[in-house]
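# From the sequence below, what's the structure:
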Amino acid sequence: MRYYVILCENANKKLLTMEIREIKERLSIETVLNNYNLQPDRHHFLKCPFHGDEDPSLKIYPETNTFNCFGCGAAGDVIEFIERYEKKGKHEAILKAKSMIDPSAEIIQKPMSQKNEPEQDKELLPRLAVIGKLMQESRGSFKRTTAAKEYLRSRGLDPDKTQAGYMGLDLGKGWNEKLQQSAIALGILKQAKDTVTPVFKNVVLFFTKNEKGQVIDMYGRSINSNCTGKHFYLSGNHQGIYPGYPEPGTSKLILTECIIDCETLLQREDIKLEFSMMALFGTNGFTQEHVEAIKNLPELNEVALFFDGDESGREAVARIAEKIKALKPDILITAVDTPDEEDINSLIIGHEPEILSHLIKSRKPVNGSDKTKNDIPGQISQSETPQKEAILSTKNPQKIIYQEGDLLMIIWGGIERENVHRLRVNLLVQKEGDTMRYYQDDVNLYSNLQLQRYIKGATEELDISTMVMKSTLRRLQLQLEEYRLAEIERERKALQPRSYYMTREEEIKAGDFLLSKDLVKITMKAVEKTGLVGEERNGLLLFFFT
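A predicted model of the protein is given here:
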């Protein structure tokens, strides 16, 4: 049976039907919470009303109008929240939901041949709850586990820059029964006598996200060198993308063969500024989600394939390039020439990290791409005119000017030098030559929240892409950091006492002076020459003790 809401509209009593799915779309989870005087915190957590909750463990997801409790396992949509909170049946919960949307609506029932609820929703919510709980606990475990951090360091990765987790021996033992059973069904835990134990142990975890930004799947890498298995996935098809779906404004995208390689590139700021990245699940792991992500990038103009330097990697380049060309016929498809028997991660272990940037700059169009080598950004032909070089002018410390391309940025009032934990400036940005169209605001370049707000305002005012503004601000930040450190060092040196080295002749004269029989007398005369009158004895003491 499927429920419909009938809405009476205007005086003519025209009837409109509304399906349950439409109710869920129109009624936000925030509206339901407000109805019961429940207020989540800024991280969308609140104390669960369905069990004795001391710390907030119920999270709401405004994007999908759903909820999930990491304590008791309660999960569902707006109607299920009402049903649980009111402790009533589904029909009464729908009536309550209707009253929150439009009190004049009437509920009727119509027989439908379709299923009452999509099965996908019933499978998705427990999965989100378990993977979310796994991510939360494993990240805390990673921070406490020296062996896990040392493993990443051995792979040339900075553990402080990752969002990795770690699955040890005790994970899942404190979970409630519902979560444990869901985790067993997903293949994360297994039953062992009177307890549960992780299926994978001593494994570093990386998490993928779906199109809504929710953590949906995981990849594990063993940190034990003597372990027979190195790579661990959940059973079933791979879900989500690592590190997540690219931003809609992405213009250049790198695809890597695996997650470790992608993480390696993510730790290179110069590469991260220019490219977004997605990891495949091996050479055969170009999934439908990768396809959809690429299709939904309206500003995309290049995809660079950076795979392993072996036969399977080179075959995958040709195969996947063909698929991308079918999706986006007009974009440039390039490939990085990875040295034989190397991959992205092995390159930074055996070489200087700069090799990655060098190889990417030397990338070449894949056969069949309609673009040419001269179309690759960073590879400029002799007939092309290079862009203006980025210039930071600090001639006037109270009016610092930064110019890159056709963007002009002015920092009024200089930058603070005392607190290096922030970089707060009053920043004006405009297009060169257009003084009437600009954006100006105070912003701490180290605050992600303030930075995102500034980027949003500037891009809307100047009508430029988010990626351009984001990368320009990052390069400005790096130059300001160098300038600030140089000024701090200059001031430090200025405050240091200057050393004076005597010539050989001066050393001889000083020696004769100190060895003189009338040292006190001639010193008094020297003190008098300084202009000190009436305090000769005090001046003499000062002279000998300084």
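
# now residue 393: how far from residue 458?
Here residue 393 is placed at a distance of 20 Å from residue 458 (Cβ to Cβ, to the nearest Å). The way it works is simple: take the backbone N, C-alpha and C, and place the C-beta from them, glycine included.

# which of these two has more neighbours?
residue 458 (26 against 11; other Cβ atoms under 10 Å).

# ok, how many other residues are close to residue 320?
As a burial measure, residue 320 scores 22 neighbours (other Cβ under 10 Å).

# That one contacts residue 304, doesn't it?
No: counting by Cβ atoms under 8 Å, residue 320 stays clear of residue 304, with 11.5 Å between them.

# Show me whatever sits in contact with both of the two.
Overlap between the contact sets of residue 320 and residue 304, as judged by Cβ atoms under 8 Å, 6 or more residues apart in numbering, is given by residue 255.

# can you give me the strands for the stretch 101-250 of the chain?
106-110, 165-167, 189-192, 195-198, 203-209, 215-222, 231-233 (DSSP state E, counting those that start in this stretch).

# could I get these as JSON lines with distance to residue 410 and mean neighbour count?
Converted to JSON lines, these look like this (distance: least, Cβ to Cβ, whole Å; neighbours: other Cβ atoms under 10 Å):
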{"stretch": "strand 106-110", "distance to residue 410": "61", "mean neighbour count": "12"}
{"stretch": "strand 165-167", "distance to residue 410": "43", "mean neighbour count": "25"}
{"stretch": "strand 189-192", "distance to residue 410": "57", "mean neighbour count": "14"}
{"stretch": "strand 195-198", "distance to residue 410": "55", "mean neighbour count": "17"}
{"stretch": "strand 203-209", "distance to residue 410": "38", "mean neighbour count": "23"}
{"stretch": "strand 215-222", "distance to residue 410": "41", "mean neighbour count": "22"}
{"stretch": "strand 231-233", "distance to residue 410": "51", "mean neighbour count": "16"}
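
# Among the ones you listed, which comes closest to residue 48?
Proximity to residue 48 (Cβ to Cβ) singles out strand 215-222 among these, at 19.8 Å.

# contact partners of that closest one?
127-128, 131-132, 134-135, 165, 167, 200, 202-210, 229-234, 238-240, 242, 259-260, 281.

# just the angle between it and strand 203-209, please?
Put simply, strand 215-222 runs at 160 degrees to strand 203-209, going by axes from the mean of the first three to the mean of the last three Cα atoms, to 10 degrees.

# can you pull the buried residues of stretch 346-355?
By neighbour count on 16 or more other Cβ atoms under 10 Å, the buried set for stretch 346-355 is 346, 347, 348.

# Run the chain-centre distance for it.
23 Å (Cα atoms, centre = their mean, to the nearest Å).

# Offset the numbering so it begins at 36, please.
Yep, numbering from 36; the last one is stretch 381-390 now.

# Quick one: end-to-end length of that stretch, please.
With Cα to Cα, to the nearest Å as the measure, stretch 381-390 spans 11 Å from end to end.

# and residue 454, what element?
Counting by DSSP states H and E, there is no helix or strand that carries residue 454.

# Relative to residue 519, how far out is it?
Distance of residue 454 to residue 519, given as Cβ to Cβ: 10 Å.

# more neighbours, these two?
When residue 454 and residue 519 are compared on other Cβ under 10 Å, the one with more neighbours turns out to be residue 519, at 16 against 8.

# what residues are up against that one?
Residue 519 sits next to 450, 452, 455, 458 when contact means Cβ under 8 Å, 6+ apart.

# Give the closest residue to the last one in space, chain neighbours not counted.
Right, residue 458. Nearest residue to residue 458 in three dimensions, chain neighbours excluded: residue 480, at 4.2 Å (Cβ to Cβ, 6 or more residues apart in numbering).

# The one you found: neighbouring residues, count only.
For residue 480, the number of neighbouring residues by other Cβ under 10 Å comes to 21.

# likewise residue 516?
Neighbourhood size, residue 516 [other Cβ under 10 Å]: 15.

# Endpoint to endpoint, stretch 458-476 covers what distance?
14 Å.

# list the buried ones in that stretch?
Going by neighbour count (16+ other Cβ under 10 Å), the buried part of stretch 458-476 is 458, 459, 460, 462, 463, 464, 465, 473, 474, 475.

# Take those and write them to a markdown table, including pLDDT, secondary structure and distance to residue 64.
Shown next, in a markdown table, are the buried residues of stretch 458-476 (pLDDT from 0 to 100; DSSP: H, G, I helix; E, B strand; the rest coil; distance: Cβ to Cβ, whole Å):
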| residue | pLDDT | secondary structure | distance to residue 64 |
| --- | --- | --- | --- |
| 458 | 92 | coil | 37 |
| 459 | 92 | strand | 36 |
| 460 | 94 | strand | 38 |
| 462 | 95 | strand | 37 |
| 463 | 95 | strand | 40 |
| 464 | 95 | strand | 37 |
| 465 | 94 | strand | 41 |
| 473 | 93 | strand | 39 |
| 474 | 94 | strand | 34 |
| 475 | 94 | strand | 37 |
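
# Out of those residues, the closest to residue 309 would be?
The closest of those to residue 309 turns out to be residue 464 (Cβ to Cβ; 19.9 Å).

# Where does the nearest residue to the closest one once chain neighbours are set aside sit: helix, strand or coil?
Leaving aside its chain neighbours, residue 464 sits nearest to residue 444 (4.9 Å; criterion: Cβ to Cβ, 6+ apart). Following DSSP: H, G, I helix; E, B strand; the rest coil, residue 444 is assigned to strand.

# Specify the beta-bridge partners of residue 444.
Residue 444 forms beta bridges with residue 437, residue 464, as assigned by DSSP bridges.

# Next one: it relative to residue 276, how far apart?
33 Å.

# who has more neighbours, these two?
Ranked by neighbour count (other Cβ under 10 Å), residue 444 and residue 276 place residue 276 first, with 25 against 20.

# And the more buried one, how close does it get to residue 245?
According to Cβ to Cβ, residue 276 and residue 245 sit 8 Å apart.

# between these two, what contacts are shared?
residue 324.

# quick one: contacts for the closest residue to residue 445 other than its chain neighbours?
Nearest residue to residue 445, sequence neighbours excluded (Cβ to Cβ, 6+ apart): residue 463, at 4.6 Å. Shown in contact with residue 463 (Cβ under 8 Å, 6+ apart): 444, 445, 446, 447, 473, 474, 475.

# Just give the nearest non-adjacent residue to residue 398, would you?
Distances taken as Cβ to Cβ, 6+ apart place residue 369 nearest to residue 398, at 4.3 Å, with adjacent residues excluded.

# May I have the host helix or strand of the one you found exported as PDB, CA atoms only?
Using DSSP H and E, residue 369 maps to strand 367-370. Extracted as PDB, the C-alpha positions of strand 367-370 are listed here (Å, rounded to 0.1, in the frame of the first residue of the first chain):
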ATOM      1  CA  LEU A 367      42.200  17.100 -23.400                       C
ATOM      2  CA  ILE A 368      43.200  13.600 -22.200                       C
ATOM      3  CA  THR A 369      46.900  13.200 -21.200                       C
ATOM      4  CA  ALA A 370      49.100  10.600 -19.700                       C
END
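
# ok, residue 477 touching residue 459?
Yes: Residue 477 is within contact range of residue 459, at 6.8 Å (criterion: Cβ under 8 Å).

# Would you map the helices across the stretch 286-435 of the chain?
For the stretch 286-435 of the chain, the helices defined by DSSP state H, counting those that start in this stretch occupy 294-301, 304-309, 323-330, 346-362, 379-385, 389-396.

# I meant the stretch 86-235 of the chain, not that one.
Counting by DSSP H, counting those that start in this stretch, the helices of the stretch 86-235 of the chain are 113-121, 125-136, 154-179, 181-189, 212-221.
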